[in-house]
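1. please work out how this folds:
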Amino acid sequence: MDINSFMQTASAYALPVLFAITLHEAAHAYSANRFGDPTAADEGHLSLNPLNHISLFGTILLPLIMVMMSLPPLGYAKPVPVEIDKLRDPKLHSACVAAAGPAANLLMGVGWMVVWVILKHALGMDGHDFFVKMAEAGVAINSVMIVVNLIPIPPLDGGGILMGILPDVISRKLEWFDRHPLVIIIPLLALVNYPPVLQFLIECTYAVQRVFHMAVQPLLALLLP
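-> Reported below is the predicted structural model:
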């Protein structure tokens, strides 16, 4: 990819990525506060300011390094602090807090798909238009965030949901990985570049995008003759 193409792609992805990360993390903070733990809200995570959620290394430098190495641009944001013991129902509500982030990405993915449908089918823009590319980027980044975050391994959201479902004796053992995330994250970054695993994750993102598309079928029915 030449520098011009890279800059065009980066420009199209910038706003969707900021929205995806900010609302994902704010959703965790909101749900934790809603279920009785104000820690994240007190520390500024219940905010739509991207600067409260962006990690210089995890959100900016790591994805750029991976792109330059021709690897999938994975990264992470500042972790949202949750004190499980403060939740009204620690087991159930911790799973709900974990699920809130991917749920926010689901809503955003559908929202970007609505924007794409309006631009393409109501306004007649083609695939080369910047705003169409931005909408496509929004669909893509939110589908990727859903799939990656729902991998059922701590400290990912899927691991948090899993710990809320499993018996206490097992979930307590998994908490060790939640406290030592690099033990999982580094091998996971290597694993997602193994072709069969990468292909499986890509197929999962396509499946999520089909869900987005199904959600906007009523709108398509109105716009298409």
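
2. most centrally placed residue in the protein?
-> When Cα atoms, centre = their mean is applied to the chain, the residue found nearest the centroid is residue 145 (2.8 Å).

3. quick check: the gap between the closest residue to that one other than its chain neighbours and residue 78.
-> Sequence neighbours aside, residue 105 is the residue nearest to residue 145 in space, at 4.7 Å (criterion: Cβ to Cβ, 6 or more residues apart in numbering). Yep, even glycine has a C-beta here, placed from its N, CA and C like the rest. Distance of residue 105 to residue 78, computed by Cβ to Cβ, to the nearest Å: 17 Å.

4. who's more crowded, the two?
-> residue 105 (27 against 18; other Cβ atoms under 10 Å).

5. that one: what's it in contact with?
-> 20, 23, 24, 142, 143, 145, 146, 149 (Cβ atoms under 8 Å, 6 or more residues apart in numbering).

6. and the residues you listed as a markdown table, adding secondary structure, pLDDT and distance to residue 33?
-> Conversion of those to a markdown table gives the following (DSSP: H, G, I helix; E, B strand; the rest coil; pLDDT from 0 to 100; distance: Cβ to Cβ, whole Å):
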| residue | secondary structure | pLDDT | distance to residue 33 |
| --- | --- | --- | --- |
| 20 | helix | 94 | 21 |
| 23 | helix | 96 | 15 |
| 24 | helix | 96 | 15 |
| 142 | helix | 95 | 23 |
| 143 | helix | 96 | 27 |
| 145 | helix | 94 | 22 |
| 146 | helix | 96 | 23 |
| 149 | helix | 94 | 20 |
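
7. identify the farthest-apart pair in these.
-> Spatially, the most separated pair among the contacts of residue 105 is 23 and 143, at 14.7 Å (Cβ to Cβ).

8. between those two, which one's more packed in?
-> A count of neighbours by other Cβ under 10 Å puts residue 143 above the other of residue 23 and residue 143, at 24 against 20.
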